[in-house]
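**Student:** Output the structure for:
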Amino acid sequence: MEHLSNGFTLDIPAGAFPLSTDSMLLAHFVQLPRNARVLDLGSGSGTLGLLLCARDSICRVTGVELEEVAHQAALENIRRNGLVSRMESICADLTSVSERFSPGSFSVCVSNPPYFSGGPASGATPLARREDACTPSELFRAAAWALKYGGDFFLVHRPERLAELIARGAEAGLEAKRLLLVRHRPDAPIRIIVLQFRKGAKPGLLWEEQTLFDKQNLPTPYYQSVYHIG
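**Tutor:** This next block holds a predicted model:
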């Protein structure tokens, strides 16, 4: 059982996507408008939804998750945290978003998507980490359909995929607006990127760098803010 801020708890079944630094960074990076309606694409056990609801007492979150075990865990996490009126989990392929929701139904989309290509060589990698059922193009198309004009799509990924992500976003009408580059230590390479795309926006990208641990291997102020320490 993971303990989140504001007394929320998260239970993740064996084999499901765990609570990770990626999820914590993404939830911290997300900017929520007032009365936000959020769509979590590939929502797993409800991690991002819980983190956002713990941070914002008004937002509502709908999760779309392909795997039944993770979906059932999300339903239990929603019930246990008293969020039935603000969160829901739907067990479905994200490619069905256009069939399930009217276009422009959400003000924000979020995703901690698969990082690795699918195929025979990826058989040992958990489905939540593979692109077999969630290519970047499919992910951006789903977000673009769901978002209202001016709405934002936030996702976390690996730096080697940056150019592809920006290109796929542009193809779907989502313009990259903010980029966060994250290092584990000051002398380490960038390991994580977090991006904000906006539907219908003009070109113009702002970026920043953050480090999680200092040269003495102590948590930086940024790390402490992400994990609500102190």
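**Student:** the helices in the chain, which residues?
**Tutor:** 21-29, 47-55, 68-80, 97-100, 136-146, 162-171, 221-226 (DSSP state H).
**Student:** Quick check: which of these is nearest to A201?
**Tutor:** A201 lies closest, by CB to CB, to one member of the helices of the chain: helix 162-171, at 10.3 Å. Glycine gets a C-beta too; all of them are placed from N, C-alpha and C.
**Student:** Looks like A36 contacts V108 (just checking).
**Tutor:** Yes. Under the criterion of CB atoms under 8 Å, A36 makes contact with V108 at 5.2 Å.
**Student:** Next, count neighbours for S20.
**Tutor:** 13 (other CB atoms under 10 Å).
**Student:** how about the residue nearest to it when sequence neighbours are not counted, what does it touch?
**Tutor:** Leaving out its chain neighbours, the residue that sits closest to S20 by CB to CB, 6 or more residues apart in numbering is N112, at 7.7 Å. By CB atoms under 8 Å, 6 or more residues apart in numbering, the contact set of N112 is 17, 20, 22-23, 26, 42, 44, 47-48, 155-156.
**Student:** from these, which is closest to A188?
**Tutor:** D22 (15.9 Å).
**Student:** ok, now which ones touch the closest residue to that closest one other than its chain neighbours?
**Tutor:** In space, and not counting its chain neighbours, D22 is closest to V156: 4.7 Å by CB to CB, 6+ apart. By CB under 8 Å, 6+ apart, the contact list for V156 reads 22-23, 25-26, 29, 111-112, 192-195.
**Student:** try 6 Å
**Tutor:** V156 is in contact with 22, 26, 112, 194, counting by CB atoms under 6 Å, 6 or more residues apart in numbering.
**Student:** in the protein, which residue is closest to the centre?
**Tutor:** Residue closest to the mean C-alpha point of the chain, counted by CA atoms, centre = their mean, is S111 at 2.9 Å.
**Student:** what's around the closest residue in space to N6 that isn't next to it in sequence, how many residues?
**Tutor:** Of all residues not flanking N6 in the chain, A54 sits nearest, at 4.4 Å (CB to CB, 6+ apart). A54 has 18 neighbouring residues, counting by other CB under 10 Å.
**Student:** go on, E209?
**Tutor:** Applying other CB under 10 Å, we find 12 residues neighbouring E209.
**Student:** now it: how far from S5?
**Tutor:** Computed as CB to CB, to the nearest Å, the E209 to S5 distance reads 25 Å.
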